[in-house]
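Asker: Give me the fold of what follows.
(chains A and B)
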Amino acid sequence: MSAQAMSNPDAGARRVSSSIGLSETKPIGVHPTFLVIEPTAGRAVAGFGDGAVKSLSLTLDGALVSSVASLSATPLAAATDVGGTGVLVGTDKGELCRIAGKDVDVISRVPDAWVEHVAVHHDAARRAFAARRTLTVIDASGAEVMRRDDHPSTLSGISFSPDGKWIAVAHYGGVSVWDTSGSGADPVRLEWHGSHTAIGWSPCGTFIVTAMQDREMHCWRWDDKKGMRMSGYPSKIRSLSWTADGRYVAASGADTVTSWDCSGNGPSGKPPLEFGYVYNGIVMHVAAHPSDKVVAGGYSDGTVMIGNIEQETAMIARPGGGAAIAGLAWSPDGRILVAADEQGALAVMRIKEALA
Amino acid sequence: MDSPKVPVTLITGYLGAGKTTLLNRILTERHGKKYAVIVNEFGEEGIDNELVVDADEEIFEMNNGCICCTVRGDLIRIISTLMKRADEFDGMIIETTGLADPAPVVQTFFVDEDVQSKVALDAVVTVVDAKHFLSAVDEEHELAEQVAFADIILLNKTDLVDADTLSHVKSKIHALNKFAKVIETVKSGAPLEDVMERHAFDLTRILEIEPGLLDEEDDHEHDEDIISISLTTDQPIEPEKFSQWIRGFIMERGVDVLRTKGILNLEGQENRYVFQGVHMVMDSAWGAPWAPGNRSSKLVFIGRNLDEGELNEAFQACTVAA
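Answerer: Coordinates of the predicted model:
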């Protein structure tokens, strides 16, 4: 990969782009554990290492935070519930909780385990969570559709197929793909040696991509199961995100935001597109825009960049110089980006002009 | 923003050696410290701590070209998550299963960036059952490896053996690992300061590699599978020669080399050059400056099928004078 200078270590480049309206809260010294958007409530919801769950208004100006709940367990992962109302939260006491307004209900449970991954398919009305080796899928009413634990290791990621008919889970040695109807059929196993730590099914349904402990990504074409490797990263890849059209998959792990072109036969033989070089920074999180070929990158020094993948250009949405970014989330209309850093500061970045 | 890294103590040892007893002693002593405990199996003895995480041991191979590079996936996940909790831990203690290979645990602290950024391995503490050690060590290779990896060895249950047996056990331990500090105990009753916060893996603090208390003249039992070797020279080392040799040696023999440690007097350098390794994974740093007139390089290997004479010859060939 080659790095392309988009900003310099000097102070001039630390200025927020005039296209962005940034407001943020003060750091509180507590690590956030999840950050999601609850569209129907017009809020971002964040969980913290002390059990606190807080909301950040997307409709009011500034960065207005209010307390939602204080959990007796540590929240570990979350997803917006079916239809964009309510938030599903997995905890270190084996619970899957549903938070609606300020109410918290435990809706499912795996004893003696941490619920580390949660995913929702809105159209198929399926909710899934992973705890240890167990994948559980429940329907909109909370009834269990499937629960399977025949995986080779603790699960490290969940992703539904775009049509909701399949659910893919990452683990050591590859990916298992189950059908979500509860038929009890054996899974499709996609094998690749090594530890897979994150997963994303492309929105067009063609590819399943994983991030690996080995500083690379792996990509399978779903129709013929052909595998491809994307390597060359200087650091562990913690986060990956597909553009809405399914053409690009963006990843963390380098000093720029890298995006692989998965059109045609996939990313093989094509170098990634890059934007947003940050001196001494590593991209920790990426989040693709909900409609455009635009990605947000959160860096180890607290910088947030928003960039155009194809033009390989970026603007600074939040200046660096603080704690690493721990989470990023877009509002469904793509007008607001929310970020959380490791010291618990929440930043709201309102986009004033069209991005693409 | 760099806060001091949380020290992690690894307690290993064979089934019934007294690991949990040691763990509970550490936890219940009046030190006012708060620990997170990670265990891979619950024994009969309960663990007296607020936060105990029970996890399956998950050994993951890396695809980085070194065949013996494995990490513990469970520890990467758990440590990363624990560090997000609001509790301020003074330390973490990992108790392995009796059959655990310490290498993947130690390598996790060398390899994973998230683990490295928040915590640091403090020491490997191996609890040895004086009564059963001699009969078990030749049968169970894990036992020998746990001793070979140790920075501190609790030679436990010494009240259950006679003086003769104890002396045999000590010389066997010494043959496997003559660099570890051996503490004789009953009911794992070691002073806390001898076990915790030892900084055994902190390169910046390593000033000297001490051989054990026994003398070196004891005849090597040549049927030993694992042995420990130390090499020294007063001649300054030429960095290129040394680097080329050690890389080649570790590439070729890394599977057999369990632990490596070195303090080098590099030609023209005022500071010690310190390095350590586990199998093929290496880590190095500049250490403290040398005292005038007392610059001697030392290199230590613990591993299988090592030829001391051959290694010494290769090491001496890395000096400026050679």
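
Asker: Could you pull up the residues touching B:Val257?
Answerer: Residues counted as contacts of B:Val257 (C-beta atoms under 8 Å, 6 or more residues apart in numbering or on different chains) are B:249-250, B:277, B:279, B:301-303, B:306. Where C-beta positions appear, they are placed from N, C-alpha and C, glycine not excepted.

Asker: try A:Arg109
Answerer: Taking C-beta under 8 Å, 6+ apart as the contact definition, A:Arg109 lies against A:94-96.

Asker: Now it: phi and psi?
Answerer: When read as degrees, to the nearest 10, the backbone of A:Arg109 gives phi -160, psi 140.

Asker: Quickly find the element holding the residue in the stretch 251-356 of chain A positioned nearest to chain B.
Answerer: Among residues of the stretch 251-356 of chain A, the one nearest chain B by C-beta to the nearest C-beta turns out to be A:Ala323. It sits 6.0 Å away. Secondary-structure assignment from DSSP states H and E places A:Ala323 in no helical or strand segment.

Asker: Contacts only, for it.
Answerer: A:27, A:302, A:341-343, A:345, B:1.

Asker: Quick check, pLDDT for it.
Answerer: In the prediction, the pLDDT value recorded for A:Ala323 is 96.

Asker: now do A:Ile306
Answerer: Reading off the confidence values, A:Ile306 has pLDDT 97.

Asker: B:Gly287 contacts B:Leu207, correct?
Answerer: Yes: taking contacts as C-beta atoms under 8 Å, B:Gly287 lies within contact range of B:Leu207: 7.2 Å.

Asker: These two: who's more crowded?
Answerer: Taking other C-beta atoms under 10 Å in any protein chain shown, B:Gly287 and B:Leu207 do not tie; B:Gly287 has more neighbours (19 against 13).

Asker: Quick one: distance of the helix or strand containing that one to the chain centre.
Answerer: B:Gly287 is located in strand B:281-289, with elements delineated by DSSP H and E. Centre-to-centre, strand B:281-289 and its host chain are 16 Å apart (C-alpha atoms, centre = their mean, to the nearest Å).

Asker: same for it, what does it pack against?
Answerer: helix B:102-111, strand B:271-278 (3 or more C-beta pairs under 8 Å, 6 or more residues apart in numbering or on different chains; DSSP states H and E).

Asker: mind listing what the longest strand along chain B pairs with, with the direction of each?
Answerer: For chain B, the strand with the greatest residue count under DSSP state E is strand B:119-129. Each strand that pairs with strand B:119-129, with its direction, by DSSP bridges: strand B:6-13 (parallel), strand B:152-156 (parallel).

Asker: name the element the residue of the stretch 51-200 of chain B found nearest chain A belongs to?
Answerer: Scanning the stretch 51-200 of chain B for proximity to chain A using C-beta to the nearest C-beta identifies B:Ala86 as nearest, at 3.4 Å. Assigning secondary structure by DSSP H and E places B:Ala86 outside every helix and strand.

Asker: ok, now the one 3 residues further on?
Answerer: For B:Phe89, there is no helix or strand it lies in under DSSP H and E.

Asker: Contact residues of chain B facing chain A?
Answerer: Residues of chain B lying close to chain A (C-beta under 8 Å from any C-beta of the partner chain) are B:1, B:54, B:56, B:58, B:60-64, B:71, B:73-74, B:76-77, B:81, B:83-86, B:112-114.

Asker: sorry, back to before: out of the contacts of A:Ala323, which are buried?
Answerer: Using 16 or more other C-beta atoms under 10 Å in any protein chain shown as the burial test, these include A:302, A:341-343, A:345 as buried.

Asker: want to try CSV for those residues, with pLDDT as columns?
Answerer: Conversion of the buried ones among the contacts of A:Ala323 to CSV gives the following (pLDDT from 0 to 100):
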residue, pLDDT
A:Gly302, 97
A:Asp341, 98
A:Glu342, 96
A:Gln343, 96
A:Ala345, 97
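
Asker: The residues you listed in strands, which ones?
Answerer: Those of the buried ones among the contacts of A:Ala323 mapping onto strands are A:Asp341, per DSSP E.

Asker: ok, which of the buried ones among the contacts of A:Ala323 also contact chain B?
Answerer: If you filter these for contact with chain B, counting by C-beta under 8 Å from any C-beta, you are left with A:Gln343.

Asker: Tell me which of the helices and strands packed on strand B:281-289 sits nearest to A:Met230.
Answerer: Distance to A:Met230, taken as C-beta to C-beta, is lowest for helix B:102-111 among these, at 20.4 Å.

Asker: which helices and strands does the closest one pack with?
Answerer: If contacts are counted by 3+ C-beta pairs under 8 Å, 6+ apart, helix B:102-111 sits against strand B:6-13, strand B:70-72, helix B:73-82, helix B:113-118, strand B:119-129, helix B:141-149, strand B:271-278, strand B:281-289.

Asker: what's the spacing between the helix or strand following the fifth one and its chain's center?
Answerer: The one in question is strand B:119-129. Next in sequence after strand B:119-129, counting helices and strands by DSSP H and E, comes helix B:133-137. The gap between the average C-alpha position of helix B:133-137 and the chain average comes to 20 Å, counting by C-alpha atoms, centre = their mean.

Asker: Leaving out sequence neighbours, find the closest residue to the residue of the stretch 151-300 of chain B found nearest chain A.
Answerer: At 13.9 Å from chain A, B:Val281 is the closest residue in the stretch 151-300 of chain B, using C-beta to the nearest C-beta. Counting by C-beta to C-beta, 6 or more residues apart in numbering or on different chains, B:Phe110 is the residue found nearest to B:Val281 once chain neighbours are left out, at 4.5 Å.

Asker: What confidence value was assigned to the one you found?
Answerer: B:Phe110 is given a pLDDT of 93.

Asker: pretty sure it is touching B:His279, no?
Answerer: No: contact status for B:Phe110 versus B:His279: not in contact, 9.7 Å apart, counting by C-beta under 8 Å.

Asker: So for the two, which sits in the more crowded spot?
Answerer: When B:Phe110 and B:His279 are compared on other C-beta under 10 Å, the one with more neighbours turns out to be B:His279, at 25 against 19.

Asker: That one contacts B:Arg253, correct?
Answerer: No: B:His279 is not in contact with B:Arg253 according to C-beta under 8 Å; the separation is 9.6 Å.

Asker: want to throw the contacts of A:Arg109 into a markdown table with pLDDT, secondary structure and neighbour count?
Answerer: Written out in a markdown table, the entries for those read as follows (pLDDT from 0 to 100; DSSP: H, G, I helix; E, B strand; the rest coil; neighbours: other C-beta atoms under 10 Å in any protein chain shown):
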| residue | pLDDT | secondary structure | neighbour count |
| --- | --- | --- | --- |
| A:Gly94 | 97 | coil | 20 |
| A:Glu95 | 98 | strand | 24 |
| A:Leu96 | 98 | strand | 25 |
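
Asker: Looking at those residues, which is nearest B:Val169?
Answerer: Taking C-beta to C-beta as the measure, B:Val169 lies nearest A:Gly94 of the contacts of A:Arg109, at 43.6 Å.

Asker: Next up, the contacts around the closest one.
Answerer: A:Gly94 makes contact with A:109-115, A:131 under the criterion C-beta under 8 Å, 6+ apart.

Asker: For these, which single residue is the most surrounded?
Answerer: Neighbour tally across these (other C-beta under 10 Å): the maximum, 29 neighbours, falls on A:Val115.

Asker: I'd guessed that residue sits against A:Glu95; true?
Answerer: Yes: at 6.6 Å, A:Val115 and A:Glu95 qualify as touching, with contact defined as C-beta under 8 Å.

Asker: The strand holding B:Gly287 pairs with which strands?
Answerer: The partner list of strand B:281-289 in its sheet, established with DSSP bridges, is strand B:271-278 (antiparallel).
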